[in-house]
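S.K.: Sequence first, then the predicted structure, then my questions.
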Amino acid sequence: EAAVTQSPRNKVAVTGGKVTLSCNQTNNHNNMYWYRQDTGHGLRLIHYSYGAGSTEKGDIPDGYKASRPSQENFSLILELATPSQTSVYFCASGGDIYAEQFFGPGTRLTVL
Amino acid sequence: GDSVTQKQGQVTLSEDDFLFINCTYSTTTYPTLLWYVQYPGQGPQLLLKVTTANNKGISRGFEATYDKGTTSFHLQKASVQESDSAVYFCALVDGNTGKLTFGDGTVLTVKP
């Protein structure tokens, strides 16, 4: 069965600090995605990747970096966290650009 | 760019009631339209997919249809159960990149 895991599940950070959110998938999917979900809103795409070594900007990339060191792992990096980045972050993987995306359980990030 | 509008933020029904959720979309590519369901504490999971080829999708008692003339797509279920309580998102697949654009979600509460 498709498996996407995220760590940590909950994170409290201070303004100006560096935050790294990690995602691992065992589906052997080429594509991986990072979204954020704010209360009362749908998911918005931050960064995505077509394979190891590649990252692409999504719809709201400002303030975020991404890293795809391997097929299985995709990280989201907040170099200087701000309170506006308080949100729930979801990682997803997909086999090709039209394939179903499988989502992880999410990471709740609070920036104080 | 692509856009999706999902205006029904909250829907409250009783068991065995009829469910109807509507989304409108805008895209310059051939639309592939998705419905995702999200249960508390989980990531979204694909419920239904509708393309211009099939015009309709059916899964778990839910039916999704789309109307090209009005650029709208609908999710319906004849008889909801308490276990259907969740958040339902419509989403549009970008025909060139496969990126997803989500609506804001509909919180469905089904009372026993």
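M.R.: Sure thing, it's come through. Computed from a prediction, not measured in an experiment: that's the story for all the values here.

S.K.: Across the sheet, point out what pairs with the residue most central in space within chain A.
M.R.: Centroid-nearest residue in chain A, with Cα atoms, centre = their mean: residue A:34, separated by 3.0 Å. For residue A:34, the beta-bridge assignment (DSSP bridges) gives partners residue A:47, residue A:91.

S.K.: May I see the buried residues of the lowest-mean-pLDDT helix or strand in chain A?
M.R.: Every helix and strand in chain A was compared by mean pLDDT, DSSP states H and E; the lowest is strand A:101-103, with a mean of 91. Judged by neighbour count (16 or more other Cβ atoms under 10 Å in any protein chain shown), strand A:101-103 contains these buried residues: A:101, A:102, A:103. Every C-beta, even on glycine, is put in place using the N, C-alpha and C of the backbone.

S.K.: And the pLDDT at the residue nearest to the centre of chain A?
M.R.: Per-residue confidence (pLDDT) for residue A:34: 97.

S.K.: same question, residue B:54
M.R.: On the pLDDT scale, residue B:54 gets 68.

S.K.: now swap in residue A:1 and tell me
M.R.: Per-residue confidence (pLDDT) for residue A:1: 59.

S.K.: The next helix-or-strand element following the least confident helix or strand of chain A and chain B, any residue contact?
M.R.: For strand A:101-103, the succeeding helix or strand toward the C-terminus, using DSSP states H and E, is strand A:107-111. No. Strand A:107-111 stays clear of chain B (Cβ under 8 Å from any Cβ of the partner chain), getting no nearer than 9.9 Å.

S.K.: Could you list the low-confidence segments of the chain?
M.R.: Picking chain A for this. Where chain A drops to pLDDT under 70, the residues are A:1-2, A:97.

S.K.: try chain B instead
M.R.: The model of chain B has pLDDT under 70 over residues B:52-54.

S.K.: Quick one: name the residues of it near chain A.
M.R.: So chain B meets chain A at B:1, B:4, B:6, B:9, B:32, B:41-46, B:49, B:89, B:91, B:93, B:97-105 (Cβ under 8 Å from any Cβ).

S.K.: which of the residues you listed count as buried?
M.R.: Buried by 16+ other Cβ under 10 Å: B:4, B:6, B:32, B:43-44, B:49, B:89, B:91, B:93, B:97-105, out of the residues of chain B next to chain A.
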